[in-house]
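Asker: I need the structure of the sequence given here:
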Amino acid sequence: PRRSLPRLVPAAASVILRLLLFLPLRLMVRAVIGSEAFWRSGLSNAYRDATRLTDDMVRRYRWPSAVRGADRGVAQFILAQIGGAQLPAGDEMGLTDGQVWAALCSPNFTIPTLVLHGTSDALVPVSISRQLCARMPGASLVELPSGHVPHEEDPDRVAAEISAFVARHTQPPTN
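Answerer: Modelled structure (predicted):
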């Protein structure tokens, strides 16, 4: 029993710290995610041409933050990240992030995959998608002249790329 006490102290301190931080953090999160300026600023960074961002678009992105408990979920996520928790990528199957990436990049993974990426994406560099597609058998990368949200900046082009990809991979083989 005495040997387990040293292990319990850090765990108890962690729980107490989380409880002390949770309410102020939740209130801060509520103020931030409820702010139109927060969403407008973040979305402006996601668009290649921020002048195309409309008030209606900001409202659509902001709407989920008005759901009861959204602030609680975000606060819990922040605390988990501060505590070093890893969110599992394939949690239904109990897979870790590394296991998912290893499976996707395995020579045995032959499912045709389309990756669309904006060349002016300020949030995720296009080099990430280039590296992924270079390692992933059957992956096709289409670089679009957009930011982080090509499906909103150029929906017709995105739809055309998806349609062409599906058509290429669903035609019966010719003998």
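
Asker: name the nearest residue to F165, sequence neighbours excluded.
Answerer: Sequence neighbours aside, L114 is the residue nearest to F165 in space, at 4.4 Å (criterion: CB to CB, 6 or more residues apart in numbering). The way it works is simple: take the backbone N, C-alpha and C, and place the C-beta from them, glycine included.

Asker: flag the shaky bits of this protein, pLDDT-wise.
Answerer: Judged by pLDDT under 70, the chain has its weakly predicted residues at 1-11, 14, 18, 83-97, 173-175.

Asker: pick out the residue nearest the middle of it.
Answerer: When the chain is reduced to its mean C-alpha position, the closest residue under CA atoms, centre = their mean turns out to be V124, at 10.0 Å.

Asker: that one in helix, strand or coil?
Answerer: The three-state label for V124, taken from DSSP: H, G, I helix; E, B strand; the rest coil, comes out as coil.

Asker: try V115
Answerer: With three-state DSSP as the criterion, V115 was assigned strand.

Asker: and it, what is it in contact with?
Answerer: Each residue near V115 by CB atoms under 8 Å, 6 or more residues apart in numbering is listed here: 129, 132-133, 139-142.

Asker: swap in H151?
Answerer: By CB under 8 Å, 6+ apart, H151 lies in contact with 116, 158.

Asker: what of the one 3 residues further on?
Answerer: Under the criterion of CB under 8 Å, 6+ apart, the neighbours of D154 are 144-146.

Asker: state the distance from it to L141.
Answerer: D154 sits 16 Å away from L141, going by CB to CB, to the nearest Å.

Asker: the residue nearest to the centre of the chain against V149, yeah?
Answerer: No: assessed by CB atoms under 8 Å, V124 is found out of contact with V149, at 11.2 Å.
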